[in-house]
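**Q** fold the following, please.
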Amino acid sequence: MQKTVPTPSKGGLGLQDILFVLFKHKWKILFLGLLGLGAAAGVYTTQKPLYESHSRILVKHVIQRGGTDGIDSQVDAGGRSGEQVINTEMVILRSGDLAAEVAQSVGVERLVPNSLGQSALTDAANVVQGGLEIAPESRGSNVLLLTYRHPDPELARDVLESVIKRYPERHLEIHRSVGAFDSVSKQANVVREKLHKTEQELNKLKADSGIISVHEQSLSLSTQRDKTQGDIVGAEAELAAQSSKVDSLEKKLSGQGATTEAPQGASPRPAAAAPKPEQVEEYRELAKRLEYLQTQDLALRSKFASGNPQVVRNQQDINSTKAARNALLAKAPGLVAESVTPAGEPTVNPLAELDHEKAVMGSIIARIGRYKSHLAELEDKFKKLTEVGPQIAELERQREMQDGEYRLLESNLKKAEVDRNLDRTEIPGLKIVESPTLPKQSFSETTKKLVLGLAGAGFALGLGIAFLLELVVDRRITRPTEIEGRLQVPLMLSIPYVRPKNRGAHLIANDHDEASGTEGEKLLPAVRTANGFPAFAGRTDHFIHPYSEAIRDRIVFNFQINNMTHKPKLMAVTGLSAGAGTSTIAAGLAKAFSEVNGAKVLLVDLNSDYPDDNPMFGNKPLHSVVGALQAARNTRFKEGGQNLYLASAAATKADPSATPFGPMHLYELLPHFRASEFDYVIFDMPPMGQTSPTLAMAGLMDKVLLVVDGEDTNRDTLKWGYSELVKGRADVSCVFNKARSHAPRWVAGDI
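**A** Numbering: from 1, shown residues only. Model prediction:
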């Protein structure tokens, strides 16, 4: 047979579960809530009211300025970044120092009349702090709402006015350099004296060393040294060229064959041959060019250093011109004769020219010597600068640091003077939006919280007890939805709770006839007789009838889709506790099956010790199971109009020694049941338990109905019972009986 598939479990506590708990325990919650409201009303009526005054302060921005540092900052009080500013101002307003100042201003005697001694001021400050409440006007607002409460209305306003008056002073002391003027002035004087002393030492050291600036002096000496070294190199190169020129002239003069007339006191020189006209002309051009280049050289050297590119090119031109002239003189020594020189020009004498070149070479040597001596002087100055420079640099650094510190202190001194003379009523960034209002009656925050707490505590306690009972203490199944939703047990039907007086008449009527079978043999009692009644029984007024018909239809449908055609079909109705309603459901189910045209139904009662007293059957006499099977063999059994037969497997008063019906009896009678003419056999079994025979017999049934008592079945018990039946390979469906409606259907989830 196809077994019923359990519904997947829905974990957690859903909205319907919460609403169901609220509706089910509504009277507990309302009762405890009313108790809480009564307690809150009692506190409200017994508490003495206070008088409160309000004031508002707008904090646009806060200027942070220290007394010794040079950092000024303006922090806006709006937005998220201003929350710290607002919190800081609230701390200032709640501070004990401000409370003590306010207490002294208002009067300690007014605040604490009976307090004496040194603790009077402390007690008065505590009174100020205890009644003062500060909070932002709203979340993210930069307006502070100040409230002061006191039993004396006049004192409530006076204290708040004193707080508003003295708060700006505390604000300036914390955020500005109000008390730093004298300290900053002293520090400025000390730094100024240090700066003056450092400047004197620096000036004296510079005067003694002749160094005005270490950097400029070092740069100047470096420039001069580089220039002098370049001049020496250029002069040495010029000396080498001039020496070569003199040597060349000497060689040429010493190589001539004739001697010329020498000056007085000089040795005679050989005479030179007459030059050609073109040689004379070339010589004169070279002489003019040489003269021009030498004049240009003097002009360039007066403007540029010896290593300048123009000076070097001009010197190269001079050397090349001299070389050309000397080469011409070597070819025609007679060019130095008087006939070569033009009219009005002095005669060029080779010896005089040699003397002149030697004189030039001597001047070059002298210039080189002066350059070297100047370079030595520069090295001495460098050495002196190296010794004195670090001292001057250190003094200059000290002067700069002391000068910067002095300028900062002067700036802070001006700011401190401005803050000291600032009008407390005109502080930038602070504005009194609302002055202290006239006092009005109110209750303290503690009283309000106590009243609200008591009012809510009753309902909270009721809710807590409701959920504790429902989820922890009371483990009973109270709703049909729990069976499938939480326990994953298939549910066939839910039957509501009906009061005994509304349950109706007997489900099975008392009228019957004892139709004869064979001679001396009686048929079993039945609801229907062979007196010509219709095939379907008439309706009764018992409440179980529509539910038993619904169960019958679902079971028949289950048999059909599983292609169960054998007869008889065995069904069992059992429960998990006594009084679960299994007998009523079994009788109603038997009655419903008997209404099927031509169906023979046997209802076997395995519960009652004394079935004759069962009111469900109208005090019918019941036979045993064996007797019922024997009566079913009668030839008139199928022809009779009786459809419902009743039997009891329990011991009767007439035979107290009979053995109660058990699993072994069912095993033995099972072939007789299958050979009988019954279409349906319904067993009203005893409740399930550890020693109950139901567990052993349920596996032989085609269908088992497990009745769940809505007033007595535990969740764990249902889990155990269902799992045990499933272990015995029984096809189990649950019927939830005595379902009480604690909430509307849309809350309970019932259909």
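**Q** from A323, how far out is V108?
**A** Look at V108 and A323: by CB to CB, to the nearest Å, they are 117 Å apart. No exception for glycine: its C-beta is placed from N, CA and C like everyone else's.
**Q** and if you look at K727?
**A** K727 is 133 Å from A323, by CB to CB.
**Q** again with K28
**A** Distance, K28 to A323, using CB to CB: 134 Å.
**Q** hmm, D702 and M564 touching each other?
**A** Yes: using CB atoms under 8 Å, M564 is in contact with D702, at 6.5 Å.
**Q** more neighbours: which of these two?
**A** Neighbour count, other CB atoms under 10 Å: between M564 and D702, D702 has more, with 20 against 15.
**Q** and that one, what is it in contact with?
**A** When contacts are counted by CB atoms under 8 Å, 6 or more residues apart in numbering, D702 touches M1, F559, M564, K569, L570, M571, D731.
**Q** can you lay out these as JSON lines showing distance to R301?
**A** Formatted as JSON lines, the contacts of D702 follow (distance: CB to CB, whole Å):
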{"residue": "M1", "distance to R301": "132"}
{"residue": "F559", "distance to R301": "136"}
{"residue": "M564", "distance to R301": "137"}
{"residue": "K569", "distance to R301": "141"}
{"residue": "L570", "distance to R301": "142"}
{"residue": "M571", "distance to R301": "140"}
{"residue": "D731", "distance to R301": "131"}
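**Q** buried ones among the residues you listed?
**A** By neighbour count, with 16 or more other CB atoms under 10 Å, the contacts of D702 hold F559, K569, L570, M571, D731 as buried.
**Q** next step: those restricted to strands.
**A** Among the buried ones among the contacts of D702, the members found in strands (DSSP state E) are K569, L570, M571.
**Q** longest strand of the protein?
**A** In the chain, taking DSSP E as the definition, the longest strand is strand 50-59.
**Q** and P490, its phi and psi?
**A** P490 has phi and psi values of phi -70, psi 130 when expressed as degrees, to the nearest 10.
**Q** between the contacts of D702, which is closest to T46?
**A** Nearest to T46 among the contacts of D702: D731, at 68.1 Å, using CB to CB.
**Q** in the chain, which helix or strand is least confident?
**A** Lowest mean confidence among the helices and strands of the chain (mean pLDDT, DSSP states H and E): strand 72-76, at a mean of 57.
**Q** show me what the helix or strand just after that strand is packed against.
**A** Sequence order places helix 83-94 as the next helix or strand after strand 72-76, per DSSP states H and E. Counting contacts by 3 or more CB pairs under 8 Å, 6 or more residues apart in numbering; DSSP states H and E, helix 83-94 is packed against strand 50-59, strand 61-65, strand 132-136, strand 143-150, helix 153-175.
**Q** now do whatever helix or strand comes next after helix 83-94, average pLDDT.
**A** Going down the chain from helix 83-94, the next helix or strand is helix 96-106, by DSSP H and E. For helix 96-106, mean pLDDT rounds to 87.
**Q** stretch 200-211 now?
**A** Regarding stretch 200-211, the rounded mean pLDDT is 77.
**Q** which residues sit against it?
**A** Outside stretch 200-211, the residues that touch it by CB under 8 Å, 6+ apart are I212, Q217, K384, L385, V388, G389, Q391, I392, L395, E396, R399.
**Q** what's the helix or strand for the third one?
**A** Per DSSP H and E, K384 falls inside helix 350-420.
**Q** neighbouring strands - and their directions - for the helix or strand following that helix?
**A** Using DSSP H and E, the helix or strand that follows helix 350-420 towards the C-terminus is strand 430-434. Strand 430-434 pairs in its sheet with strand 50-59 (antiparallel), by DSSP bridges.
**Q** what's the neighbour count on the closest residue to R166 other than its chain neighbours?
**A** In space, R166 comes closest to E101 once its chain neighbours are excluded; the distance is 5.2 Å by CB to CB, 6 or more residues apart in numbering. Number of residues near E101 (other CB under 10 Å) recorded here: 20.
**Q** list the contacts for E101?
**A** By CB under 8 Å, 6+ apart, the contact list for E101 reads S162, R166, R170.
**Q** of those residues, which is the most crowded?
**A** Highest neighbour count within the contacts of E101: S162, with 21 neighbours (other CB under 10 Å).
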